[in-house]
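Engineer: Structure for the following, please:
(one chain, ligands or ions: 1)
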Amino acid sequence: MNMIKRIGILTGGGDCAGLNPAIKGAVYRAQDYNYEVYGIQEGWKGLVKGNVSTLSLSEVEEIVDRGGTILGTSRLNPYKIENGVKQVRDSIKKFKLDAIIAIGGEDTLGVAYKLFKEENIKVVGAPKTMDNDLSATDYTFGFDSSVTKAIEAMRSLQDSGRSHRRIMVLEVMGRHSGWVALFAGMASGADWTLIPEEKVNIDEMCQHLKKVYKRKKYASVVVSEGISLFSGMMAKKEELDQFGHMILQKRGIGANLTELIKEKTGIETRNAVIGHIQRGGSPTLFDRILGLRCGVTTVDLVAQERFGYMAALKGNELIGVPLKEAVNKLKTVDEKWWELAQVFFK
Ligand code: F6P
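Structural biologist: Below you'll find the predicted structure:
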């Protein structure tokens, strides 16, 4: 018999649009099973610090259009803290949480999977990340909204570039997978896109930009923050977070690339970094619906006692997939998508 009475929800890692709809979906669905819902503050940190409190319908009923997460978030990794895992266990016991819903990307869900496997903690997951780099789901929520923001930014840059007869470079987030750059480039009509999965060929790109410039007197480029321009662009140890990631934005890829383009083409070039603007703001329709559906599905997974599973979008269906499949391997841009993007480098 299912003995679940209380569930706890947390959101971890970088915030993105769609988190609040996912929280709402879970809280609403929990009513159907008569579960009491607790909100865990700031990701795994809330369980380490015992920062947990009830989460009612009235707290979530008007959040579907709100960016960020009402629960707060952090990049804290309990495995990197002395007694961290024990504190997580203690909080779960103290607040009598029968199951945990972890909403996050590869890092948050990586911890969820480890806690499930090694500590027998009853966890289910929901796939959020603007990077869209989680395996085992067709899309993560947060991606659509962040690319939509990048397209708007590119539109403005292109207006300015067209007026000043310049080359404009937009640096976007996305860490080590190029989905955000690829989709932003294609959907905004950029003339070239650079992604971490593909080797950078500056000479080829500059030749192309000169050709484009001759035709329309301006050009635009999308660059992913995760590309490498020259060796030695490594992070110092203190710049890494608890999951070993560096803040890529600090490397100034867009600015460095702009200098190179200017030098090689002789054309006036400017750049902009969209940064965290891409993560905030009201979720798009797609992310609202996906977030809500993921939230609902996580509670169904709890009710079905499918712990160690994650809600995932496959085609148009929301299903449960093993967390292991989601976190085992980063989903990077494959050749088929890259070939498609190149069709528009003309
Ligand atoms: O993982 C999501 C993400 O937005 C990445 O695209 C980016 O590299 C990183 O988070 C930035 O992290 P922070 O908000 O900690 O600077």
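
Engineer: CA atoms for contacts and neighbours, from now on please.
Structural biologist: OK.

Engineer: Verify the stated contact: A219 with L170.
Structural biologist: No - applying Cα atoms under 8 Å, one finds A219 not in contact with L170, separated by 11.4 Å.

Engineer: how about the strands in the stretch 201-346 of the chain?
Structural biologist: For the stretch 201-346 of the chain, the strands defined by DSSP state E, counting those that start in this stretch occupy 219-224, 269-273, 309-314, 317-322.

Engineer: which strands and helices sit next to the first one?
Structural biologist: When contacts are defined as 3 or more Cα pairs under 8 Å, 6 or more residues apart in numbering; DSSP states H and E, strand 219-224 sits against helix 143-164, strand 167-172, helix 179-188, strand 192-194, helix 202-216.

Engineer: now the ones you listed as a markdown table including mean pLDDT?
Structural biologist: Shown next, in a markdown table, are those (pLDDT from 0 to 100):
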| stretch | mean pLDDT |
| --- | --- |
| helix 143-164 | 98 |
| strand 167-172 | 98 |
| helix 179-188 | 98 |
| strand 192-194 | 98 |
| helix 202-216 | 98 |
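
Engineer: winner for burial among these?
Structural biologist: strand 167-172 (a mean of 27; mean count of other Cα atoms under 10 Å).

Engineer: Is there any residue in it that contacts the ligand?
Structural biologist: No - figure legend: strand 167-172 not in contact with the ligand (Cα under 6 Å from any ligand atom); closest approach 8.0 Å.

Engineer: hey, C-alpha coordinates of that strand in CSV?
Structural biologist: C-alpha atoms of strand 167-172 as CSV (Å, rounded to 0.1, in the frame of the first residue of the first chain):
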residue,chain,number,x,y,z
ILE,A,167,28.9,43.0,-37.7
MET,A,168,27.1,42.2,-34.4
VAL,A,169,28.0,39.3,-32.1
LEU,A,170,25.6,37.9,-29.5
GLU,A,171,27.0,35.7,-26.7
VAL,A,172,24.5,33.3,-25.2
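
Engineer: Determine the set of other helices and strands touching it.
Structural biologist: Contact here means 3+ Cα pairs under 8 Å, 6+ apart; on that basis strand 167-172 packs against helix 143-164, strand 219-224, helix 253-265, strand 269-273.

Engineer: now for those, which one comes closest to G125?
Structural biologist: Closest of the helices and strands packed on strand 167-172 to G125 is helix 143-164, at 17.2 Å (criterion: Cα to Cα).

Engineer: who in the stretch 51-200 of the chain is up against the ligand?
Structural biologist: 130-131, 173-175.

Engineer: For the strands of the stretch 201-346 of the chain, give me CSV that also has mean pLDDT, mean neighbour count and distance to the ligand.
Structural biologist: As requested, the strands of the stretch 201-346 of the chain are exported to CSV (pLDDT from 0 to 100; neighbours: other Cα atoms under 10 Å; distance: least, Cα to the nearest ligand atom, whole Å):
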stretch, mean pLDDT, mean neighbour count, distance to the ligand
strand 219-224, 98, 28, 9
strand 269-273, 98, 21, 12
strand 309-314, 98, 25, 18
strand 317-322, 98, 18, 21
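
Engineer: quick one, which of the ones you listed is nearest to K346?
Structural biologist: Per Cα to Cα, nearest to K346 of the strands of the stretch 201-346 of the chain: strand 219-224, 11.2 Å.

Engineer: picking up where we left off before, mind putting the helices and strands packed on strand 219-224 into JSON lines with distance to N120?
Structural biologist: Converted to JSON lines, these look like this (distance: least, Cα to Cα, whole Å):
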{"stretch": "helix 143-164", "distance to N120": "31"}
{"stretch": "strand 167-172", "distance to N120": "38"}
{"stretch": "helix 179-188", "distance to N120": "34"}
{"stretch": "strand 192-194", "distance to N120": "42"}
{"stretch": "helix 202-216", "distance to N120": "50"}
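
Engineer: Just tell me which of the ones you listed ends up closest to V299.
Structural biologist: helix 143-164 (22.6 Å).

Engineer: And the contacts of that closest one?
Structural biologist: When contacts are defined by Cα atoms under 8 Å, 6 or more residues apart in numbering, helix 143-164 is touched by residues 16-17, 129-132, 167-168, 170, 172, 180, 183-185, 187-188, 217-220, 274, 277-280, 282-284, 286-287.
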